[in-house]
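J.: pasting the sequence and the predicted coordinates here, then a few questions.
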Amino acid sequence: VANLAASLQSVNLSRNTGVDLEMLSLVPGLDLNELNISSCGSVTHQGVLSFLQTNKNIHNLNLNICRRVFSGLPDTTLSVFNSLSKITTLSLCQLSIPSFRAISCLESLKSLEINGLDSPGAEIVCGLANLKTDCLTSLKARFLGAPSQDLVKVINKNNFSSLRTLDLSSGGENTVTDSLLQAICSNMPDLIHLNLSNNPGISDVGTLGLILEDTASINSVLEVKDTLQRHNKIAMGTKHENEIRLLSLRREMMVESLVEAGKPECGLFLLTKLLHLNLSMTSVSSLTLKLAINSPDLRSFNLGHNSSAVDDDGLYDFSIRHSHLEKLELGYTPISDTGLISCLSCLPRLVHLDISSCQEVTNAGLRALCQVSPQIETVLLSNCSNISLEAARSVELTLKNLNNIQTLGLCSEQGRFPQHHSSAAPPAPPQPRRN
């Protein structure tokens, strides 16, 4: 480092032990713009302070899993964040920061990554509420744990008009909900990348921008049973379980009324500039595909691991309005041969297709893919019980642009079990010795 100090702009010391930033700060002529010390357990807050005093032009800092930096008292945490005042790109993943509210002193942030942040929900809300977000273009907060109603207030209060990338995947139980999604859609109109995967609290109510009626009036088991029976539903289980069924039924009734009224102008319909959207492992249905998504230039869409509520008609309606799609992930969905082919016929630019564990897709549907989408480069077919290994190999030979195909768990037409489970017969036991 000392020999290259005059021209060095970026240093990556991640996953190293014994890193001493105080010693690095003494290198003459060193003035870095970027520093990555991810997973360097020896780095302390004194080292960070010393380094930033001599490298005043640094703007990109990765402190992921540097747990000793923020392990001190609130005053120590505040002094560290004060020293980061000129940082524009900051990564604080998998850290425990009890006094996270001190982050509000940063005024130049353009990119913030706080995946797996271990901080009290009140501290997270306070920190984001007082943070200057006018210039923030990217926010990644996977595994976020904070009350949804408080996050809604933060989004409605602050200016997030510059935000282009938002990742809230795998949020806490009461973190990423329909009300939060509606606030996102109303206040972040220029989003390009939105990841909401693994959030079961996201449903058609949020994507369509509906206002769900209050369920506090449910106060008797007889009322719940009567409402369910009027809609040919069987009331079984505890009162709490039936309240959940009634809530789902009310959502269905509201969405049905919306279908009759026409397309909404709220929810995801407002995000017209999206290029990448991930709704895997959520509770959305085909109505979201038909009415909510309105991004003509969408390039990547993930709907994997969704329930049987997603059908062929919804996927076809979605595909015919998003012909620029290049990557489509439908793993663990009930799409059929007909739905798959009709969907692909509308996507001339598609190069990546994931239909892993789609049990309704058969050999016939896979072979038709060769005529409908000859431009495909990647196909994921793992664990499709109705697709044979021979059909997959035939497609591999037919598609000229194909460079990646996954066939894990496919069965051979000659046998019942997957080929990757077959093995050679065990050797014969040794002959007994004769005396």
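T.: The structure has been received and is ready for your questions. Numbering: from 1, shown residues only.
J.: just checking, Asn404 touches Thr378?
T.: Yes - shown here, Asn404 and Thr378 form a contact pair, counting by CB atoms under 8 Å, at 4.3 Å. Bear in mind the C-beta positions are built from the backbone N, C-alpha and C, glycine included.
J.: these two: which has the busier surroundings?
T.: Using other CB atoms under 10 Å, the more surrounded residue of Asn404 and Thr378 is Thr378, with 16 against 11.
J.: Glu123 versus that one, what's the distance?
T.: Relative to Glu123, Thr378 is positioned 42 Å away (CB to CB, to the nearest Å).
J.: Lys56 now?
T.: Remark: distance between Lys56 and Glu123 (CB to CB) = 28 Å.
J.: could you pull up phi and psi at Leu61?
T.: phi -130, psi 130 (degrees, to the nearest 10).
J.: run through this structure and note the low-pLDDT ranges.
T.: Applying pLDDT under 70 to the chain flags residues 211-264, 308, 414-425, 434-435.
J.: so which bits of stretch 168-177 are buried?
T.: Buried residues in stretch 168-177, counting neighbours by 16 or more other CB atoms under 10 Å, are found at Leu168, Ser169, Ser170, Gly171, Thr175, Val176, Thr177.
J.: from those residues, pick the one nearest His276.
T.: Closest approach between these and His276, by CB to CB: Ser169, at 12.3 Å.
J.: doesn't Asp354 make contact with Glu329?
T.: Yes - if you go by CB under 8 Å, Glu329 and Asp354 touch, sitting 4.0 Å apart.
J.: any residues in contact with both of these two?
T.: Common contact partners of Glu329 and Asp354 (CB atoms under 8 Å, 6 or more residues apart in numbering): Gly304.
J.: can you pull out the helices in the stretch 201-350 of the chain?
T.: Secondary structure of the stretch 201-350 of the chain (DSSP state H, counting those that start in this stretch): helices at 204-207, 221-230, 239-261, 286-287, 312-321, 337-344.
J.: now do the last one: which elements does it pack against?
T.: It stands for helix 337-344. Judged by 3 or more CB pairs under 8 Å, 6 or more residues apart in numbering; DSSP states H and E, the packing partners of helix 337-344 are helix 312-321, helix 363-372.
J.: contacts for the first one, please.
T.: In this structure, residues lying in contact with helix 312-321 by CB under 8 Å, 6+ apart are 285-290, 293-294, 296, 301, 303, 325, 330, 335-336, 338-339, 342-344, 346-347.
J.: which one, of the helices and strands packed on helix 337-344, ends up nearest to Ser388?
T.: Nearest to Ser388, of those and by CB to CB, is helix 363-372 at 5.8 Å.
J.: after that closest one, next one along is what?
T.: Counting by DSSP states H and E, the next helix or strand C-terminal to helix 363-372 is strand 378-380.
J.: tell me the strands beside that next one, with direction?
T.: According to DSSP bridges, strand 378-380 forms sheet pairs with strand 352-354 (parallel), strand 404-406 (parallel).
J.: contacts for it?
T.: Counting by CB under 8 Å, 6+ apart, residues outside strand 378-380 touching it are 331, 351-356, 369, 395, 399, 402-406.
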